[in-house]
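Trainee: I'll drop the sequence and a predicted model, then ask my questions.
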Amino acid sequence: MAHSSKSAAGSDVKDSFDRDGYLTVEPLFNFAKMTEINIELDRFIADRVQSMGKNEVYYEDINDRASIKQMMNMHDHDPYFDDLLKNSVIRTMAETALGEDVKGVNLEYFNKPPRIGKATPAHQDGYYFHIKPLKAVTGWLALEEVDHENGCLHYVRSSHKSGLRLHGRSNVLGFSQGMTDFGTDTDKANTVGFPCQAGTFLMHHCNTIHWAGKNRSKTRSRRALGFIYFAKSAEVDKETRAAYQAKLDRDLASDKKI
Ligand SMILES: O=C(O)CCC(=O)C(=O)O
């Protein structure tokens, strides 16, 4: 698996996004900005997590409150993260990538705690979004150094052009649906891994297949933020989405995962 070529920032952003189904900016934010974001995240975890719903904070080990693996809707709980989702350069990049106005709909935290952080199954975000048309992007910001040991992200280049593939229950908390037909020769030949430094930013189309390895490090976490934007023209099927979320919450509670 080769690393991609350097940053896609600038006027060719849209072309490379349309061709590959993703773009990379290395780095999007400098050291000072990343220090600020990491301090704000620590503050968020200390002050806000206790008021979040069970279905908004997932733990890799439910008995260990230090093992947060995922947080959803951070923007709803804190003005700093609301501003980062809705008013930052990341929103502008989402608009450039999709070629229209966007709505910032979710700011998520993706962590893989040392030793126990599970792999992210191959999936397409569009399968989770319940929108029509499937016009949405997810931005992904590395909060620390990420590599093959602690679980870097992988994209299947140009996979956004072929629509949604088959998904089924994955049993991985936070990624309940994984692809069931992943791993074809074409998938393998087009897979690109993204080891990167803190401040590196990736953005993918909601049909782009992606996955990440488990965290094999005994000491290092693997922390990132995810920024989800729907195109203004995309309509959410609210009934299907609510039914999906309700079933997921029920299943996770009965499996004692949340
Ligand atoms: O960070 C990860 O491991 C997965 C992130 C992801 O699936 C996403 O950003 O859509």
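Mentor: Great, that's in hand. The structure presented is a predicted model; accordingly, all values stated were derived computationally and were not measured. Numbers count the residues shown, from 1 in each chain.
Trainee: For the one residue sitting closest to the centre of the chain, what is the enclosing helix or strand?
Mentor: The centroid of the chain falls nearest to residue 226 when counting by CA atoms, centre = their mean (4.2 Å). Element membership of residue 226 [criterion: DSSP states H and E] is strand 223-231.
Trainee: burial count for residue 233?
Mentor: By other CB atoms under 10 Å, 13 other residues sit near residue 233. Glycine gets a C-beta too; all of them are placed from N, C-alpha and C.
Trainee: ditto for residue 78
Mentor: Neighbour tally, residue 78, other CB under 10 Å: 18.
Trainee: Spit out the contact partners of it.
Mentor: 44, 48 (CB atoms under 8 Å, 6 or more residues apart in numbering).
Trainee: now it: how far from the ligand?
Mentor: Going from residue 78 to the ligand by CB to the nearest ligand atom, to the nearest Å gives 20 Å.
Trainee: likewise residue 219?
Mentor: Look at residue 219 and the ligand: by CB to the nearest ligand atom, they are 19 Å apart.
Trainee: In terms of helix, strand or coil, where does that residue fall?
Mentor: Classification of residue 219 using DSSP: H, G, I helix; E, B strand; the rest coil returns coil.
Trainee: I'd assumed residue 114 was in contact with it.
Mentor: Yes. Assessed by CB atoms under 8 Å, residue 219 is found in contact with residue 114 at 5.5 Å.
Trainee: Of those two, which one has the most company?
Mentor: Between residue 219 and residue 114, counted using other CB under 10 Å, the more crowded position is residue 114 (16 against 7).
Trainee: returning to that earlier point: in the sheet, who's paired with the residue nearest to the centre of the chain?
Mentor: Counting by DSSP bridges, residue 226 is bridged to residue 108, residue 140.
Trainee: ok, it - contacts?
Mentor: The neighbours of residue 226, taking CB under 8 Å, 6+ apart as the test, are 106, 107, 108, 109, 110, 138, 139, 140, 141.
Trainee: swap the cut-off to 10 Å and go again
Mentor: 70-72, 74, 106-110, 125, 138-141, 202 (CB atoms under 10 Å, 6 or more residues apart in numbering).
Trainee: same question, residue 132
Mentor: 233, 234, 235, 236, 237.
Trainee: let's go with 7 Å and repeat that
Mentor: If you count contacts by CB atoms under 7 Å, 6 or more residues apart in numbering, residue 132 has them with 234, 235, 237.
Trainee: Could you do residue 40 as well?
Mentor: residue 80.
Trainee: so is it in a helix, a strand, or just coil?
Mentor: helix.
Trainee: Now the element after the strand holding residue 226, going C-ward?
Mentor: strand 235-236.
Trainee: and the next element down the chain from that following strand?
Mentor: Following strand 235-236 in sequence, per DSSP H and E, is helix 238-254.
Trainee: Mind giving me the packing neighbours of that following helix?
Mentor: Counting contacts by 3 or more CB pairs under 7 Å, 6 or more residues apart in numbering; DSSP states H and E, helix 238-254 packs against no other helix or strand.
Trainee: Test my guess that residue 217 contacts residue 151.
Mentor: No. Residue 217 is not in contact with residue 151 according to CB atoms under 7 Å; the separation is 8.7 Å.
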